[in-house]
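> got a sequence here, can you build the structure:
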Amino acid sequence: RIYIPETSPYTQYDGKTIDLTRAFVNDEYKAHPFEVHDDMLDALSRILDEDFNAVFPQGEVIDPLKLRTPVDDQYNPLTWGMED
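From the prediction side, this is the model:
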């Protein structure tokens, strides 16, 4: 899972301002694997390289589907988290 800002304005050398978030989503992410340029997508794929030494924030796990953690004796992979 990745989180990206809603907008990320960037002024290029020619003075034109572009939104890097929109460029990434529309030109690379949605177009994959047929994108013309894949520079940002390639950079994102390298975030786990050991030489990069990325540190990620620690916090509580977000469960967007509100599924409960299974207890071993009650676990059924076909229905877990769907029953009331």
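> contacts, neighbours, all on C-alpha from now
Fine.
> what's the lengthiest helix in the chain packed up against?
Determined from DSSP state H, the single longest helix within the chain is helix 39-45. Taking 3 or more Cα pairs under 8 Å, 6 or more residues apart in numbering; DSSP states H and E as contact, there are no helices or strands that helix 39-45 lies on.
> how about stretch 1-17: buried residues?
Residues of stretch 1-17 classed as buried by neighbour count (16 or more other Cα atoms under 10 Å): none.
> model confidence over that stretch, on average?
Average pLDDT, stretch 1-17: 90.
> can you list the buried residues in the lowest-mean-pLDDT helix or strand in the chain?
Least confident helix or strand, the chain: helix 39-45 with a mean of 83, by mean pLDDT, DSSP states H and E. Under the neighbour-count criterion of 16+ other Cα under 10 Å, helix 39-45 has residue 41 buried.
> just how off-centre is that helix within its chain?
12 Å (Cα atoms, centre = their mean, to the nearest Å).
> please save the CA atoms from it in PDB.
In PDB, the C-alpha atoms belonging to helix 39-45 read as follows (Å, rounded to 0.1, in the frame of the first residue of the first chain):
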ATOM      1  CA  ASP A  39      10.600   6.800 -14.300                       C
ATOM      2  CA  MET A  40       8.500   7.400 -11.200                       C
ATOM      3  CA  LEU A  41       7.100   3.900 -11.200                       C
ATOM      4  CA  ASP A  42      10.600   2.500 -11.400                       C
ATOM      5  CA  ALA A  43      11.800   4.800  -8.500                       C
ATOM      6  CA  LEU A  44       8.800   3.600  -6.400                       C
ATOM      7  CA  SER A  45       9.700  -0.100  -7.000                       C
END
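> what does it rub up against?
The set of residues external to helix 39-45 that reach it, using Cα atoms under 8 Å, 6 or more residues apart in numbering, is 24, 28, 29.
> make TSV from these and add pLDDT, distance to residue 49 and neighbour count to it.
Listed next are these as TSV, based on pLDDT from 0 to 100; distance: Cα to Cα, whole Å; neighbours: other Cα atoms under 10 Å:
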residue	pLDDT	distance to residue 49	neighbour count
24	87	21	18
28	84	21	20
29	82	20	16
